[in-house]
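Novice: Fold the following for me, if possible:
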Amino acid sequence: MNRPVSPIANPAYRRYWLARFLTVMATSGMVVVIGYQLYDLARGRYHMSIAAAGLQLGILGLVQFVPVVALSPLAGVVADRFDRRMVAGIGVMADFCVAAALAAATMLGLVTLPLLYVLAALHGVVRVFVAPAQSAIAPNIVPTEQLPQAIAMGAIAFQGGSVAGPALGGLLFAQAAGAPYALAGLFLLAASLLLLSLPPVPAPPDNRRSHPLRQMLDGFSFVLGHRFLLGCVTLDLFAVLLAGATALLPVFARDILTIDGHPVGAYGLGLMRAAPAAGAALVALVLSRWPLARNVGVKMLWSVAVYGAATVAFGLSRNFAASLALLSILGAADMVSVFIRSTLIQLHTPDAVRGRVSAITTIFVSASNELGEMESGLAVALFGATGAVLFGGVAAIVITGLWAWLFPEIRRARTFAVPENLGVKS
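Specialist: Model prediction:
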């Protein structure tokens, strides 16, 4: 029997791809709306200053980050000990419940800052278990030689959802505040059913015989003992942690960027949150057709430096159209980095420990996002929104140069060749 020539010709991968697209579209839209709703609530009902309301965005990032740090090791073990499609499907169903609660509270006028923090934290808990299980499914349903193409196609789903979700969420929120949460709930319900319809993805037999605590430690030991993987994930951690311009977009939308003298507001925020994903989606589309093959490590480093430079330029811009263009460039550069890093990590990780490594990667990615939001909230209180963005962009460029020196293994990565001897304790 002939194998499909492309991952998209595989029926299981098509369902997986659609589930990923719907999940990202729902969750990215929810995150944008929660952030704007919280900032607007702090400025309006609670009469906070820009600096104080910006700090609330930092707290929002913190309450989503804490569950990731606390539960990701456990989530990785769950992804390696149980059927990954069941773990991901049930987790997405739980996120549907969070979306339904946000919709009901908003429609009934019951939203408060503490309630938004609680529901955001629950969303963070759910995502902890969904992310490693869902990301570890793809290598189980496509052959190894198709994995780079499958990852690029998966990136299209991710970035496409990241474009549609925020834009649609901002538009709907401007019309009816509870509508984006209700639509997100429908998307999550459909995604859960698609994931549960995938063929079983049984865990390796040996993974069930080892003690869960030992498995957690083995996952950390594998990453810490693999300098190449450690360099890849920490580069993203510190660069995005410091250059988190997207965390401050509600501030720019409500109080800085204008059209004809009026703040761009919720709809402008949706466009700004979609702009990086639009640039990333375009790059992902190109990479799915013509995947990178040479000097991948150096290209990853340069892409992070461009990300930092685009962040600096965005911080200085006061023209809405120019800001959208700069955010698109930022997203395009980030997509190159994400594609290379994701492919290298998947190919350098044996299947028996892939869930745990994905969970550890989730900690770093979440730290760069949610903890980055906290850092941005603190920075805006100290330096103002523009100063915080400029500081972060310059810091990302400095981090890139430092990591190129500290981890020469990244510079030496020429191709996506699969290394030998990837054994690991289970």
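Novice: In PDB, list the C-alpha atoms belonging to stretch 108-126.
Specialist: Taking C-alpha atoms only, stretch 108-126 is exported to PDB below (Å, rounded to 0.1, in the frame of the first residue of the first chain):
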ATOM      1  CA  LEU A 108     -25.400  38.600  32.200                       C
ATOM      2  CA  GLY A 109     -23.200  41.600  33.200                       C
ATOM      3  CA  LEU A 110     -21.500  39.600  36.000                       C
ATOM      4  CA  VAL A 111     -17.900  40.200  34.800                       C
ATOM      5  CA  THR A 112     -15.400  41.500  37.400                       C
ATOM      6  CA  LEU A 113     -11.600  41.600  37.500                       C
ATOM      7  CA  PRO A 114     -11.400  38.700  40.000                       C
ATOM      8  CA  LEU A 115     -13.700  36.600  37.800                       C
ATOM      9  CA  LEU A 116     -11.700  37.300  34.700                       C
ATOM     10  CA  TYR A 117      -8.500  36.200  36.600                       C
ATOM     11  CA  VAL A 118     -10.100  33.000  37.800                       C
ATOM     12  CA  LEU A 119     -11.400  32.000  34.300                       C
ATOM     13  CA  ALA A 120      -8.100  32.900  32.700                       C
ATOM     14  CA  ALA A 121      -6.300  30.700  35.200                       C
ATOM     15  CA  LEU A 122      -8.700  27.800  34.400                       C
ATOM     16  CA  HIS A 123      -8.000  28.400  30.700                       C
ATOM     17  CA  GLY A 124      -4.300  28.100  31.500                       C
ATOM     18  CA  VAL A 125      -4.800  24.900  33.400                       C
ATOM     19  CA  VAL A 126      -6.600  23.300  30.500                       C
END
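Novice: What residues sit buried inside it?
Specialist: Residues 111, 113, 116-117, 119-126 are the ones in stretch 108-126 that count as buried (16 or more other CB atoms under 10 Å). Every residue, glycine included, has its C-beta placed from N, CA and C.
Novice: same check, this time on stretch 143-151
Specialist: For stretch 143-151, the neighbour count (16+ other CB under 10 Å) marks 146-151 as buried.
Novice: Check the offset of that stretch from the chain's centre.
Specialist: Here the centre of stretch 143-151 is set off from its chain's centre by 20 Å, with CA atoms, centre = their mean, to the nearest Å.
Novice: what does that stretch rub up against?
Specialist: Stretch 143-151 is touched from outside by 3, 6-7, 13, 138-139, 142, 288, 291, 339, 342-343, 346-347, 416, 418, with contacts defined as CB atoms under 8 Å, 6 or more residues apart in numbering.
Novice: all strands of the stretch 201-350 of the chain, in order?
Specialist: Counting by DSSP state E, counting those that start in this stretch, residue ranges of the strands within the stretch 201-350 of the chain are 258-259, 262-263.
Novice: if we can go back for a sec, could I have the buried ones of the contacts of stretch 143-151 as ChimeraX selection syntax?
Specialist: With 16+ other CB under 10 Å as the burial test, the buried ones among those are selected in ChimeraX as follows:
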select :7,13,138,139,142,288,291,339,342,343,346,347,416
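Novice: that older thread, the buried residues of stretch 108-126 in strands, which ones?
Specialist: Among those, no member falls in strands (DSSP state E).
Novice: could the residues you listed go into TSV alongside pLDDT and distance to Leu257?
Specialist: Compiled in TSV, those are given as follows (pLDDT from 0 to 100; distance: CB to CB, whole Å):
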residue	pLDDT	distance to Leu257
Val111	93	25
Leu113	94	24
Leu116	95	24
Tyr117	94	27
Leu119	95	28
Ala120	92	25
Ala121	92	30
Leu122	94	31
His123	93	27
Gly124	86	28
Val125	90	33
Val126	92	32
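Novice: Let me have the residues you listed in CSV, extended by distance to Ala75.
Specialist: Listed next are the buried residues of stretch 108-126 as CSV, based on distance: CB to CB, whole Å:
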residue, distance to Ala75
Val111, 29
Leu113, 28
Leu116, 24
Tyr117, 21
Leu119, 20
Ala120, 18
Ala121, 15
Leu122, 15
His123, 14
Gly124, 11
Val125, 9
Val126, 10
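Novice: Lowest-scoring secondary structure element of this structure by mean pLDDT?
Specialist: The helix or strand of the chain with the poorest confidence is helix 212-224; it has a mean of 60 (mean pLDDT, DSSP states H and E).
Novice: what's the pLDDT at Phe187?
Specialist: Note for Phe187: predicted pLDDT of 97.
Novice: which residues of the stretch 151-300 of the chain score low on pLDDT?
Specialist: Low-confidence segments of the stretch 151-300 of the chain (pLDDT under 70): 203-226, 240-244, 293.
Novice: my read: Ala88 touches Ala138, true?
Specialist: No - applying CB atoms under 8 Å, one finds Ala88 not in contact with Ala138, separated by 11.2 Å.
Novice: one step back: any chance of the strands of the stretch 201-350 of the chain in a markdown table with distance to Leu316 and mean neighbour count as columns?
Specialist: Putting the strands of the stretch 201-350 of the chain into a markdown table (distance: least, CB to CB, whole Å; neighbours: other CB atoms under 10 Å) gives the following:
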| stretch | distance to Leu316 | mean neighbour count |
| --- | --- | --- |
| strand 258-259 | 16 | 14 |
| strand 262-263 | 19 | 12 |
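Novice: Quick one, which of the ones you listed gets closest to Leu249.
Specialist: Smallest distance to Leu249 across these (CB to CB): 12.4 Å, for strand 262-263.
Novice: which residues touch that closest one?
Specialist: For strand 262-263, contacts defined as CB under 8 Å, 6+ apart pick out 253-255, 257.
Novice: Who are the contact partners of Gln159?
Specialist: Gln159 touches 277-278, 280-281, 284, 331, 335, counting by CB under 8 Å, 6+ apart.
Novice: Pretty sure it sits in a strand.
Specialist: No - Gln159: not assigned to a strand; according to DSSP: H, G, I helix; E, B strand; the rest coil it is helix.
Novice: Let me know how buried Arg412 is, in neighbour terms.
Specialist: By other CB atoms under 10 Å, the residues close to Arg412 number 11.
Novice: same question, Gly44
Specialist: 11.
Novice: for Ser28, same thing?
Specialist: So Ser28, with other CB under 10 Å, has 25 neighbours.
Novice: hang on, isn't it packed against Gly160?
Specialist: No - in this structure Ser28 lies outside contact range of Gly160 using CB under 8 Å: 10.3 Å.
Novice: Touching both of those two, which residues are there?
Specialist: Ala277.
Novice: Check which helices and strands the longest helix along the chain sits against.
Specialist: Determined from DSSP state H, the single longest helix within the chain is helix 372-406. Where contact means 3 or more CB pairs under 8 Å, 6 or more residues apart in numbering; DSSP states H and E, helix 372-406 is packed against helix 50-81, helix 227-242, helix 296-316, helix 408-411.
Novice: Please enumerate residues in contact with the shortest one?
Specialist: Surrounding helix 408-411, the residues in contact under the criterion CB under 8 Å, 6+ apart are 227-228, 231-232, 235, 297-298, 300-301, 403-404.
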